[in-house]
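Participant: Build me a model:
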Amino acid sequence: MSPLVQPTGPAHTRILSVGASRGDLVVPNDDIIGPIDSSDEWIRQRTGIITRKRASAEVLAVDMAVAAGEEAILRSGLDRSEIDGVIISTISNVAVTPSMASLVAHRLDLTPAAAFDISAACAGYVYGVGQADSLVRSGTCKNVLVIGSEKMSDLIDPTDRSISFLLGDGAGAVIIGPSDHTGIGPTVWGSDGSKWDTIRVTNTFNEYREAAGEIAWPTLRQDGQTVFRWAVWEMAKVARRTLEESGIAPEELAAFIPHQANMRIIDEFAKQLKLPESVVIARDIETQGNTSAASIPLAMHALLEEHPELSGGLALQIGFGAGLVFGAQVVELP
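Facilitator: Next up, the predicted model:
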């Protein structure tokens, strides 16, 4: 019997390009404070959000994924035939199956690329980057399109004070491909299912169906204080571990791109990590809101638009959210 052949790939990968698509509507705090009996000042102080982007009713998460993916492809300079993998992280696809990734691959003319969705909420993009890095280095794929795409406004209860005012809509995309040097460090990831119900939907689809629609459509809720404490203290440890495993000191970073969950969490992160002033910190949440799996690539896109000189520098990216799940890498900015 002949021995099985196992493919091998390049020793290193990097992010070749980044693309973005943001909701077409600008929603200021004043537009949402009535139903939650709040104020613009309360939202700004608690979250740092001034406005958030949301998508019109006719714009779906898949539409934003296609737009972000198209920009990433064009910026990469690759022929579409060279992209043979599509990974999408989303918790807001309107269909449980088939995958959003398969439709996006078709609409971007990437057929017959392998395509699948992952569900890791706000850490999903980082999970996707980790998988794409492994797929390319193993020789399974040549280049992989990774997208985080969310229409979080579909999961909002306008009267909910725990998370609804945080959420925005958008998609961010990157292409992971071969490199002659290490452009993506080790992925540090994990989960803590003991806090499974800390960020959750109000009820399951089965409960909704069995009640014949008499109970509310499933919408998001969170235990804000638990999430805040976990994010600040436990995720700071993950961030430090990621730097250590990557062999990078904080002062060697050009940028810090955390999940855009809350400005207070971002600021506390920077303090815990003792980041020097030379490190540019992504604060896209101020005008975009929290877009779950899309937030890190959207923040990367915005950062490079504002600071093109950061291109080629190192960035620490970390995602964390429902599950509870987390993931982080040090990456070279495209």
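Participant: which element is L16 on?
Facilitator: Following DSSP states H and E, one finds L16 within strand 12-22.
Participant: Which strands and helices lie in contact with the very next helix or strand once past that strand?
Facilitator: The helix or strand immediately downstream of strand 12-22 is strand 25-28, counting by DSSP H and E. Secondary-structure packing of strand 25-28 (3 or more C-beta pairs under 8 Å, 6 or more residues apart in numbering; DSSP states H and E): strand 51-54. The way it works is simple: take the backbone N, C-alpha and C, and place the C-beta from them, glycine included.
Participant: Contacts only, for the residue lying closest to I36 once chain neighbours are set aside.
Facilitator: Of all residues not flanking I36 in the chain, R161 sits nearest, at 4.7 Å (C-beta to C-beta, 6 or more residues apart in numbering). By C-beta atoms under 8 Å, 6 or more residues apart in numbering, the residues touching R161 are I36, D37, S38.
Participant: Kindly report the same for E332.
Facilitator: With C-beta under 8 Å, 6+ apart, E332 has these contacts: R14, I15, T182, G183, I184, G312, G313, L314, A315.
Participant: Of these, which is the nearest to F269?
Facilitator: Closest approach to F269 among these (C-beta to C-beta): A315, at 13.5 Å.
Participant: What distance do you get for the closest residue in space to that closest one that isn't next to it in sequence to G327?
Facilitator: Using C-beta to C-beta, 6+ apart and skipping residues adjacent in sequence, the residue nearest A315 is A255, 4.0 Å away. Counting by C-beta to C-beta, to the nearest Å, the separation of A255 from G327 is 17 Å.
Participant: Equivalent analysis for T291, please.
Facilitator: 16 Å.
Participant: who's more crowded, those two?
Facilitator: Comparing T291 with G327 by other C-beta atoms under 10 Å, the one with more neighbours is T291, at 36 against 28.
Participant: unless I'm mixing things up, the more buried one is touching K151, no?
Facilitator: No: using C-beta atoms under 8 Å, T291 makes no contact with K151, being 9.1 Å away.
Participant: Give me the common contacts of these two.
Facilitator: Shared between the contact lists of T291 and K151 (criterion: C-beta under 8 Å, 6+ apart) are residues D169.
Participant: wait, is L78 part of a helix?
Facilitator: No: counting by DSSP: H, G, I helix; E, B strand; the rest coil, L78 falls outside a helix, being coil.
Participant: Which stretches in the chain count as helices?
Facilitator: Secondary structure of the chain (DSSP state H): helices at 40-47, 61-76, 100-107, 124-138, 205-210, 224-229, 235-246, 263-273, 285-288, 295-306.
Participant: tell me the pLDDT at A212?
Facilitator: Predicted confidence (pLDDT) for A212: 60.
Participant: And I199, by the same measure?
Facilitator: 87.
Participant: In contact with the residue lying closest to it once chain neighbours are set aside, which residues are there?
Facilitator: Once flanking residues are discounted, I199 sits nearest to A322: 3.9 Å by C-beta to C-beta, 6+ apart. Counting by C-beta under 8 Å, 6+ apart, A322 touches I91, A121, C122, T198, I199, R200.
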